[in-house]
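Colleague: quick one: sequence and predicted model below, then my questions.
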Amino acid sequence: MSDTGIDYAARRRRVRAAMRDRGVDLLALGPSENMTYLLGFHPHPDERPCLLLLSPESEGFLMPALNAEDSKRHTDVAMEVYADEEGPDGALGRLAGSLGFSSVRSVALDELMRTDFSLLLLSHVNGASPSLAAELVGELRMRKDAAEIERIQRNAACADAAMKAAYSAVRAGATEMEVANAARRSFTATGVDQVNFTIVGAGSNGAFPHHHTGSTVLREGDAVVIDIGARMGLYNSDLTRMAVVGEPSEDYLEVHRTVEAAVRAALAVIRPGVRARDIDEAARGVITEAGYGPHFVHRTGHGLGLTGHEPPYITATSDFVLEAGMVFSVEPGIYLQGRFGVRLEEIVTITETGVHIFSQLPRDLHVA
């Protein structure tokens, strides 16, 4: 699905300018989110080689015939088309001539595309030094513009509604899947294109951060982790909240307060120029000081945009300096095996002065 409200030609011009600045002679992208970022769509991905190729001055498409006519509806990038019976080598050879492969000394390859596509291209560029497209396209993707922020905000509202629907299904005797399906129905009703995940972990299942939602029956006293996300248009949502069936225990309330304090500590340090590790340290420090350090078993956050997980990653070892427009999660958690888990997640963006939270849904415990 393309998004006509974004100037994709301008994005490609920015990429080519970055290629000139970095001395990259050729950029090769397969059908992936990197291609979508530059075109607003990508052709159906399969084993047939399909490559968007950019030089600092030009661009072209290696395109299997069965996708050509549909792709022409979405882009005016010139295509070299090949049929199944002839294979891609001839068409790629023609592109090699028009894009000047003979002078290519460095090529950036899409880290998201099939390995055999990369090997095919490398066989046509005579030993050029390879690098990854993340150093070009990925860096641009991290810096969301106003149109992207608006789309992520719209999707966050859908996630808020789906979380409220999940809350309404939390009760003793319901199954994890019933709670998940309530969220799915809400997502569908708000017009999302794809429900990406509905993780519901009841009781001890909540201590598994990526629990597979199943037939577990919710019981009185169970804490329930609800982690949901969907895609509308080209952009994604991600939201985690907590519910409990009946009265929460004092042990649970202590852990919930600790995780909430960790979220607040992380949010308080977010601003342009902060390092990713500083955010992780702020959240992790609260949890460690409370005595739960070994039970916070993952990073504090990940980027979000065209994919649900993308740079920047908010880890204890990352010195990456964050800038205005970057979008990522803040999601500390405590996981007590055999008992329960608690995770609270916000998707945020850095503004010129601090941080904006996309969700409008409080992080308070929902008691069913």
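Modeller: Looks like it arrived, so ask away.
Colleague: surely residue 90 touches residue 82?
Modeller: Yes. Contact criterion C-beta atoms under 8 Å: residue 90 and residue 82 qualify, at 6.5 Å. Using the backbone N, CA and C atoms, a C-beta is placed for each residue, glycine as well.
Colleague: who has more neighbours, the two?
Modeller: Ranked by neighbour count (other C-beta atoms under 10 Å), residue 90 and residue 82 place residue 82 first, with 21 against 11.
Colleague: contacting residues for the more buried one?
Modeller: 62-65, 88, 90-91 (C-beta atoms under 8 Å, 6 or more residues apart in numbering).
Colleague: for residue 351, see how far away it is.
Modeller: Distance, residue 82 to residue 351, by C-beta to C-beta, to the nearest Å: 47 Å.
Colleague: dump stretch 286-293 to PDB, keeping only the CA atoms.
Modeller: Taking Å, rounded to 0.1, in the frame of the first residue of the first chain, the C-alpha atoms of stretch 286-293 are listed here in PDB:
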ATOM      1  CA  VAL A 286      15.300   2.400  39.200                       C
ATOM      2  CA  ILE A 287      14.700  -1.300  38.700                       C
ATOM      3  CA  THR A 288      18.100  -2.300  40.000                       C
ATOM      4  CA  GLU A 289      17.900  -0.100  43.100                       C
ATOM      5  CA  ALA A 290      14.500  -1.700  43.900                       C
ATOM      6  CA  GLY A 291      16.200  -5.100  43.900                       C
ATOM      7  CA  TYR A 292      14.800  -6.400  40.600                       C
ATOM      8  CA  GLY A 293      17.800  -5.800  38.400                       C
END
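Colleague: can you list the residues that contact it?
Modeller: Here stretch 286-293 makes contact (C-beta under 8 Å, 6+ apart) with 255, 258-259, 261-262, 265, 284, 295-296, 332, 334.
Colleague: OK, contacts around the residue sitting nearest the centre point of the chain?
Modeller: Note on the chain: the residue nearest the mean C-alpha position is residue 308, at 2.3 Å, using C-alpha atoms, centre = their mean. Residue 308 makes contact with 196-197, 229, 236, 238 under the criterion C-beta under 8 Å, 6+ apart.
Colleague: swap the cut-off to 7 Å and go again
Modeller: 196, 229, 236, 238 (C-beta atoms under 7 Å, 6 or more residues apart in numbering).
Colleague: so it lies in a helix, does it not?
Modeller: No. Remark: residue 308 does not belong to a helix; assigned using DSSP: H, G, I helix; E, B strand; the rest coil, it is coil.
Colleague: list the backbone torsions phi and psi for it.
Modeller: With angles defined as degrees, to the nearest 10, residue 308 sits at phi -80, psi -30.
Colleague: state the pLDDT value of it.
Modeller: With respect to pLDDT, residue 308 scores 96.
Colleague: same check, this time on the one 10 residues further on
Modeller: What the model reports as pLDDT for residue 318 is 97.
Colleague: shaky segments in this structure?
Modeller: Applying pLDDT under 70 to the chain flags residues 1-4.
Colleague: okay, helices next: where are they in it?
Modeller: Taking DSSP state H as the test, the helices found in the chain are 8-22, 33-39, 65-72, 89-99, 115-122, 137-142, 146-169, 176-189, 250-269, 276-289.
Colleague: what's the closest of these to residue 106?
Modeller: helix 8-22 (8.4 Å; C-beta to C-beta).
Colleague: for the closest one, packing partners?
Modeller: helix 33-39, strand 51-54, helix 137-142 (3 or more C-beta pairs under 7 Å, 6 or more residues apart in numbering; DSSP states H and E).
Colleague: which of those sits most buried?
Modeller: Among the helices and strands packed on helix 8-22, strand 51-54 has the highest mean neighbour count (mean count of other C-beta atoms under 10 Å), at a mean of 25.
Colleague: got the contact list for it?
Modeller: For strand 51-54, contacts defined as C-beta under 7 Å, 6+ apart pick out 12, 15-16, 26-30, 35, 38-39, 59-62, 77, 95, 99, 117, 121.
Colleague: which strands border that strand, and is each parallel or antiparallel?
Modeller: strand 26-29 (antiparallel), strand 59-64 (antiparallel) (DSSP bridges).
Colleague: out of those strands, deepest packed?
Modeller: Note that of the strands paired with strand 51-54, strand 26-29 is the most buried (mean count of other C-beta under 10 Å), with a mean of 26.
Colleague: close enough to count as contact, residue 6 and residue 41?
Modeller: No. Using C-beta atoms under 7 Å, residue 6 is not in contact with residue 41, being 11.3 Å away.
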